[in-house]
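A.B. asks: Got a predicted structure plus its sequence, pasted below:
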Amino acid sequence: PGRLFDYEPAKSLSAQSKIECTVAATGDPAVQLVAFNASSGLCAHFRCRLGLSHCRKCRAANKGAQRVWTAGSDCWTTVQHRVSGSVDFYRNWTQYQSEFGEGPDGNYWIGLNSLHALTASGPRKLRILMKAWNDSEHWAEYSSFSVGPESDNYRLSVSGFSGSAGVGNSMSRNNGRQFSTRDADHDTYHQNCADRFFGAWWFSDCSDSFPNGQYRDFSAAIGGPFAEGVIWRYPFGSYYSLKEFEMLIL
Ligand SMILES: [Ca+2]
């Protein structure tokens with residue numbers, strides 16, 4: 001039933017109906033999802049692998065505060081998020097391996113180890129949500145997204161681009177690249193792109209996308225310097241730092 005990568009089994013029991021299966025889970029705060037198979041009568045309870053906050057997109061799609069929902073709906077997990085300059089993203093290798101920031105609703109990085117763990121059993125969909133300074137909203141999507149192990153410097157595989165009107169594939173140069181930070185240069189450039197542009201990313205000879213660049217407030221967001229800021233080159237250009245940026249996987 002549905003996409004259950006974000007979940008791990010908590011309990012299974014038998015039930016007469018989906019309602020009975022759901023009711024059986026309401027007393028258990030650890031259970032965030034139920035799946036009922038009508039032909040076998042099997043009722044399965046699941047909990048979020050990385051904690052409830054990572055299932056908020058699923059929960060939002062199922063009417064706010066409702067604590068238990070049914071498998072089969074789209075449950076997006078936020079893996080990266082920029083909304084302001086309150087969290088520094090110019091960090092080192094060890095810091096990027098782990099989660100940092102304010103949680104998925106604020107400025108946030110889920111961590112390279114989690115990105116690998118979440119995509120190790122098979123590629124996921126990646127959705128990117130962007131807000132420009134005129135408050136227009138844009139999206140890009142990749143049908144296949146996975147991150148390799150630490151031993152391969154978390155090499156990125158990303159393909160199957162689609163996007164909203166005007167939005168281009170700004171991650172094509174990142175496909176197949178290893179991750180680089182200020183203290184770990186795995187790019188193909190003669191300098192360290194992470195160090196030169198003050199962030200961390202799957203750089204090649206640098207990048208047309210740079211969600212982990214330095215956040216710029218409106219007064220400094222437009223007009224450069226080149227490729228610094230929260231960048232999505234097509235169509236915004238390399239001198240435009242976005243107001244909001246979010247990466248989610250399904
Ligand atoms: Ca280099």
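C.D. replies: Cool, the structure landed.

A.B. asks: From now on I want contacts and neighbour counts done on CA atoms only, so please keep to that.
C.D. replies: Will do.

A.B. asks: Please give me every residue in contact with the most centrally placed residue in the chain.
C.D. replies: For the chain, the residue lying nearest the average C-alpha position, counting by C-alpha atoms, centre = their mean, turns out to be residue 79 (2.7 Å). Residues touching residue 79, when contacts are defined by C-alpha atoms under 8 Å, 6 or more residues apart in numbering, comprise 104, 108-111, 115, 246-249.

A.B. asks: Once you drop chain neighbours, what's closest to it?
C.D. replies: With sequence-adjacent residues excluded and distances taken as C-alpha to C-alpha, 6 or more residues apart in numbering, residue 79 is closest to residue 110, at 4.9 Å.

A.B. asks: before we move on, the earlier item: which one (most neighbours) among the contacts of residue 79?
C.D. replies: For the contacts of residue 79, counting by other C-alpha atoms under 10 Å, the largest number of neighbours falls to residue 109: 27 neighbours.

A.B. asks: wouldn't that one be in contact with residue 101 here?
C.D. replies: Yes. Here residue 109 reaches residue 101: they are 6.3 Å apart, a contact under C-alpha atoms under 8 Å.

A.B. asks: my guess is residue 161 meets residue 167, correct?
C.D. replies: No. With contact defined as C-alpha under 8 Å, residue 161 does not reach residue 167; the gap is 10.1 Å.

A.B. asks: what touches both of those two?
C.D. replies: By C-alpha under 8 Å, 6+ apart, the residues touching both residue 161 and residue 167 are residue 140.

A.B. asks: where in the protein is pLDDT low?
C.D. replies: Scanning the chain with the threshold set as pLDDT under 70 gives 1-6, 27, 50-75.

A.B. asks: Around the ion, pick out the residues from it.
C.D. replies: Within the chain, the positions lying close to the ion (C-alpha under 5 Å from the ion) are 187, 189-192.

A.B. asks: I'd like the contacts of residue 79 as a markdown table, with secondary structure and distance to residue 127 appended.
C.D. replies: Formatted as a markdown table, those follow (DSSP: H, G, I helix; E, B strand; the rest coil; distance: C-alpha to C-alpha, whole Å):
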| residue | secondary structure | distance to residue 127 |
| --- | --- | --- |
| 104 | coil | 14 |
| 108 | strand | 16 |
| 109 | strand | 15 |
| 110 | coil | 15 |
| 111 | coil | 17 |
| 115 | helix | 14 |
| 246 | strand | 8 |
| 247 | strand | 6 |
| 248 | strand | 5 |
| 249 | strand | 6 |
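
A.B. asks: about what we covered before: pull the contacting residues for the residue nearest to residue 79.
C.D. replies: Shown here is residue 110, whose contacts under the criterion C-alpha under 8 Å, 6+ apart are 78-80, 98-100.

A.B. asks: Which positions within stretch 234-250 qualify as buried?
C.D. replies: Using 16 or more other C-alpha atoms under 10 Å as the test for burial, stretch 234-250 gives 236-250.

A.B. asks: Contacts for stretch 217-228, please.
C.D. replies: The contact list for stretch 217-228, computed with C-alpha under 8 Å, 6+ apart, reads 84-85, 133, 197-198, 210, 213-214, 229, 238-243.

A.B. asks: so residue 184 bridges to which residues?
C.D. replies: Each beta-bridge partner of residue 184 is listed here, defined by DSSP bridges: residue 181.

A.B. asks: actually residue 81, not the one I typed
C.D. replies: residue 108, residue 246.

A.B. asks: Verify the stated contact: it with residue 104.
C.D. replies: Yes. Shown here, residue 81 and residue 104 form a contact pair, counting by C-alpha under 8 Å, at 6.7 Å.
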